[in-house]
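# Here you go, sequence then predicted model.
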Amino acid sequence: MALELDCASLRTYLPELERFSDKYRQSPASQPTLRRVDLHAPFFPQEIFEGYFNPRKKRKSVLLYCAS
């Protein structure tokens with residue numbers, strides 16, 4: 001009697017193998033975050049800087065078109 005398994009059931013039987021790159025993967029807790037205090041505000045365009053730190057604030061929309 002042969003045992004037939006599909007891919008989904010094989011995952012439950014076989015353990016996940018550790019990959020070489022797994023030891024270099026950063027955990028979400030160790031990833032840096034951007035803080036307003038750490039950035040030099042005059043370097044960035046004002047709308048982009050404020051848009052990142054105040055995402056709920058309404059932005060002015062700009063309509064761009066090409067006249068042909």
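Noted; the coordinates are in hand. Numbers count the residues shown, from 1 in each chain.
# Could I get the contacting residues of residue 17?
With C-beta atoms under 8 Å, 6 or more residues apart in numbering as the criterion, no residue contacts residue 17. No exception for glycine: its C-beta is placed from N, CA and C like everyone else's.
# what about the helices in this structure?
Ranges of helices in the chain, per DSSP state H, are 7-13, 46-53.
# rank these by pLDDT, which is bottom?
The weakest mean pLDDT among the helices of the chain belongs to helix 7-13, with a mean of 66.
# Where does the prediction get shaky in the protein?
Across the chain, the ranges flagged by pLDDT under 70 are 1-15, 59-63, 67-68.
# ok, which stretches of it are strands?
Applying DSSP state E to the chain gives no strands.
# Would you mind measuring the gap between the ends of stretch 40-57?
Stretch 40-57 has an end-to-end distance of 21 Å (criterion: C-alpha to C-alpha, to the nearest Å).
# Counting neighbours, what do you get for residue 44?
13 (other C-beta atoms under 10 Å).
# before we move on, what about residue 35?
8.
# ok, now residue 51?
When neighbours are counted by other C-beta under 10 Å, residue 51 registers 13.
# where's it relative to residue 36, distance?
13 Å (C-beta to C-beta, to the nearest Å).
# Residue 57 now?
14 Å.
# cool, residue 29 as well?
Residue 29 is 21 Å from residue 36, by C-beta to C-beta.
# swap in residue 25?
28 Å.
# ok, now residue 27?
24 Å.
# what do you get for residue 46?
Distance of residue 46 to residue 36, computed by C-beta to C-beta: 13 Å.
# swap in residue 47?
From residue 47 to residue 36 the distance is 15 Å (C-beta to C-beta).
# excluding its backbone neighbours, what's nearest residue 50?
Excluding its sequence neighbours, the residue lying closest to residue 50 (C-beta to C-beta, 6 or more residues apart in numbering) is residue 57, at 6.8 Å.
# Lovely, talk soon.
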